[in-house]
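# give me coordinates for this.
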Amino acid sequence: MSLFKARDWWSTLLGEKEEFDQGCLCLADVDNSGSGQDKIIVSSFMGYLRIFNPRPVKVGDGAQAEDLLLEVHLRDPILQVEVGKFVSCTEMLHLAVLHSRKLCVYFVSGTLGNVEHGNQYQMKLMYEHHLQRTACNMTCGPFGGVKGRDLICIQSMDGMLMVFEQESYAFGRFLPGFLLPGPLAYSSRTDSFITVSSCRQVESYKYQVLAFATDADKREETEQQKLGSGKRLVVDWTLNIGEQALDICIVSFNQSASSVFVLGERNFFCLKDNGQIRFMKKLDCSPSCFLPYCSVSEGTINTLIGNHNHMLHIYQDVTLKWATQLPHIPVAVRVGTLHDLKGVIVTLSDDGHLQCSYLGTDPSLFQAPKVESRELNYEELDVELKELQKVIRDVKSQGVWPMTEREDDLKVSAMVLRIDSVSQATDADVGTDSSPSITVKVTLQSRVALQKAKLSVYVQPPLALTCDHFSFDFMAPEMTKTVTFSVYLKRSYTPSELEGNAVVSYSRPTGIPRVIQCKFRLPLKLICLPGQPSKSASHKLTIDTNKSPVSLLSLFPGFSSQPDDDQVNVMGFCFLGGSRVTLLASKTSQRYRIQSEQFEDLWLITNELILHLQEYFEKQGIKDFACSFSGSMPLQEYFELIDHHFELRINGEKLEELLSERAVQFRAIQRRLLTRFKDKTPAPLQHLDTLLDGTYKQVIALAEAVEENQANLFQAFTRLKSATHLVILLIGLWQKLSPDQVAILEAAFLPLQEDTQELGWEETVDAAVSHLLKTCLSKSSKEQALNLSSHLNVPKDTSRLKKHITLLCDRLAKGGRLCLSADAAAPQTIVMPGGCTPIPESDLEERSAEQDSTEWFTNHRLLIAEPPAAEDSALQGLSE
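Alright, predicted model coming up:
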């Protein structure tokens, strides 16, 4: 039994499919019994009025037949019920029932029964008022300081306060600036009405001001007639709380002061009589109702707050004193005395769950039974222990989670179909007449029932999808779902990859979320067309193989300009963006050459060539096929792309700073002009209008420049990723790296899918390369002792990054290997091939080692064109 759970004293469920709200619950001695025992009055929007007097035989009993004193169907929906002295010439309590177009006052009386059925109760209508306007809520109290009777004030839906002096209608007043009705309460100490307007501010109106203000019936008259017929309705005080209010309650446990409590959507406020805030409390959960009910210590007030998490919180001012759980969400809460039990908490939900409960604990009467003592049989325990150890060994050998069973829940497969006959590229901008599109079909096959399966598809920009999200609310066992979508090139530059990814997230029957993915490869025809080969180009690469050259027509069918020739050794590719790439196969040697005017355009054709060669020889049954690269590492071309990307980043920062300055200037000129226009004495503008127009044009021009720079930066980042893929591929072929080592390089050089001003490619790659140089590629413990900065800031330039990339290639050329094992940080004894020398530690050593180093880098001239500084200075930069 939980300590923080409301103790059920009595409960019942009212009616069927009835609705209730905060005004539908009231506690009072409505039958004037004089015993001090409260009765529970509950009304509903269906027009039912019920009066309960709970008398459970034992704690937790449900409602008995004799607990219901009276149940009446009044036909019209009941908005609110209140109990007070509403009939003249008597101080007995009467029941006021508010309908949408009628106010009724009843007298509830009981007759002693002479038989076992008990007492009989009945309601007698004392008087009623028919309303001219639709009512919203009401409040009651001794308006104007009258003694021995209560008056009623009704707020209509159009903002009119209608005051009734018992059997007669007194007056009606419209609230100024009214839009929607809010909660309404009356403060007897200040003789004022307090409400919350649509402006999200608490407003207080004196009763005397309302009584002497212009009558509501004269609202349509002219302004002069209004002034002549009464005073203007003026608010006493206002307080902006910044949110809509759910309820208002005014309490006075001390004769010298009263407090106004306002329950908002996220906070509850306690105000003084003059509208000043005593305190406020930010609530963690969305509240549903509240009730300030007592003052335990001097100067503090206890408040009950119910929320939508089935909880009831008890606060002493702003301090949480107790939290208790309820079986329902309360919309109304009251505290009263029932059956000689003081402080019973009565809650009502919107579906009619009425409960009387109390706080605290119940004594636990459970006693643990005594354990029977028995003699231990050690031989049986040894046998049982050996059996359990055998089970543990079997589980360890088989694995705790069998992977095949988990993967069989859902199978995802993707199939790339042929090029669409009618292109689906509706918003493509590639500079040609039309951009082709290709259809991809993804199939989901479930083994068990799955819920909320979502399929997300991602391709590398500037490739785009006709639809990238698919949802499946429920998948029955052995059900197959198939979706199709089209992929096309949206912009006039080349993507960095032709690989797509389909990811499915779903929940297993046990509720455990799972994610499974499937990759698919798009054909080269999607972004490329056959073109004329070019004899000369600015950038060339040569790939060596260990097998005889293959006809390019068998590797790239459909891209040859000579379809009749079986032995094609030259082929041209024209990307949709306009750039051209030429592929040549040597007739005498086992080499292939790729050349283009743009360095980054070499990547896709080189990668496709190697993949197609591997597939070709696998079909032939040849398993020892290998590619290698012995040319110069094109670091200088790679560094030019890095510098261009970094320059666009710096330009973006400068443009944004300039745009911010012009925006501040624009707002300052606007304030100056507004001051001039508000001035009663006209003054010359002193060319402020001209300055405003010029600043506006500058803001528009700078905003367009920022957008253009962002588009250029995105394009430069895509080209930089293509060049990075190419450099990683060449390093892997150059040093014959394993797939795990290539994956480490990709993680270091391609850490970001998207480039931003806050976290850019340069500082991220610099930190990753520095970490590799400090750990697995370190040469001494001195380098490992260098501390790397944990903060990534935009560098001043790219010189340090280029130095570290050069140093990384240098270390790999010396025989260094990439690994992420635990002993990667230990100093390595590198076994270098013949002709290799260690990296010089000083300028003198560097000059003496220059000749031997030149012999080793015969095929890597670009690494010698800009010899790196001593490694001490290079690694010193890692900790900057």
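# C-alpha only now, for contacts and for neighbours.
Will do.
# so which strand or helix has residue 320?
Under the criterion of DSSP states H and E, residue 320 resides in strand 319-325.
# ok, residue 703 touching residue 659?
Yes - look at residue 703 against residue 659 with C-alpha atoms under 8 Å: they come within range, at 6.9 Å.
# who's more crowded, those two?
More neighbours surround residue 659 than the other of residue 703 and residue 659, with 20 against 17 (other C-alpha atoms under 10 Å).
# what's near enough to touch residue 298?
By C-alpha atoms under 8 Å, 6 or more residues apart in numbering, the contact set of residue 298 is empty.
# right, I mislabeled it, should have said residue 503
455, 456, 457, 515, 516, 517, 518.
# which pair of the residues you listed spans the longest distance?
With C-alpha to C-alpha as the measure, no two of these lie farther apart than 457 and 515, at 13.1 Å.
# which one's more surrounded, the two?
Comparing residue 457 with residue 515 by neighbour count (other C-alpha under 10 Å), the higher total belongs to residue 457, at 19 against 13.
# assign a three-state SS to the more buried one, would you?
Using DSSP: H, G, I helix; E, B strand; the rest coil, the structure places residue 457 in strand.
# measure it to residue 508 for me?
21 Å (C-alpha to C-alpha, to the nearest Å).
# what helices and strands are in contact with the lengthiest helix in the chain?
Ranked by residue count and defined by DSSP state H, the top helix of the chain is helix 688-735. Secondary-structure packing of helix 688-735 (3 or more C-alpha pairs under 8 Å, 6 or more residues apart in numbering; DSSP states H and E): helix 602-619, strand 627-628, helix 635-678, helix 739-749, helix 799-813.
# one more time with 7 Å, if that's ok
In terms of contacts (3 or more C-alpha pairs under 7 Å, 6 or more residues apart in numbering; DSSP states H and E), helix 688-735 is packed against helix 602-619, strand 627-628, helix 635-678, helix 739-749.
# rewinding a little: of the contacts of residue 503, keep whichever come out buried.
Taking 16 or more other C-alpha atoms under 10 Å as the criterion, what is buried in those is 455, 457.
# where does the stretch 51-200 of the chain dip in pLDDT?
Low-confidence segments of the stretch 51-200 of the chain (pLDDT under 70): 59-61, 113-118.
# scratch that, the stretch 351-500 of the chain is what I was asking about
Residue ranges of the stretch 351-500 of the chain with pLDDT under 70: 361-368, 370-374, 396-408, 430-433.
# for the stretch 601-750 of the chain, same thing?
For the stretch 601-750 of the chain (pLDDT under 70), the answer is none.
# go with 90
For the stretch 601-750 of the chain, applying pLDDT under 90 flags the ranges 616, 618-625, 630-633, 671-689, 735-740, 746, 748, 750.
# the stretch 201-350 of the chain now?
210-234, 251-258, 272-274, 284, 293-301, 317, 321-322, 325, 327, 337-343.
# in it, which spans are strands?
201-206, 237-240, 245-254, 257-264, 267-271, 277-282, 287-294, 302-307, 311-316, 319-325, 330-338, 341-349 (DSSP state E, counting those that start in this stretch).
# the stretch 51-200 of the chain too?
Going by DSSP E, counting those that start in this stretch, the stretch 51-200 of the chain shows strands at 61-62, 68-73, 78-84, 94-99, 102-111, 120-130, 135-141, 151-156, 160-165, 168-174, 184-187, 192-196.
# nearest to residue 210, out of the ones you listed?
Judging those by C-alpha to C-alpha, what sits closest to residue 210 is strand 168-174, at 6.7 Å.
# mind giving me the packing neighbours of that closest one?
Using 3+ C-alpha pairs under 7 Å, 6+ apart, the elements in contact with strand 168-174 are strand 160-165.
# what angle do strand 192-196 and the strand it packs on make with each other?
For strand 160-165 against strand 192-196, the angle by axes from the mean of the first three to the mean of the last three C-alpha atoms, to 10 degrees is 150 degrees.
# list the contacts of residue 542.
591, 592, 593, 594, 629, 631 (C-alpha atoms under 7 Å, 6 or more residues apart in numbering).
# close enough to count as contact, residue 415 and residue 440?
Yes - Residue 415 lies in contact with residue 440 (C-alpha atoms under 7 Å); the separation is 5.8 Å.
# more crowded one of the two?
Taking other C-alpha under 10 Å, residue 415 and residue 440 do not tie; residue 440 has more neighbours (20 against 15).
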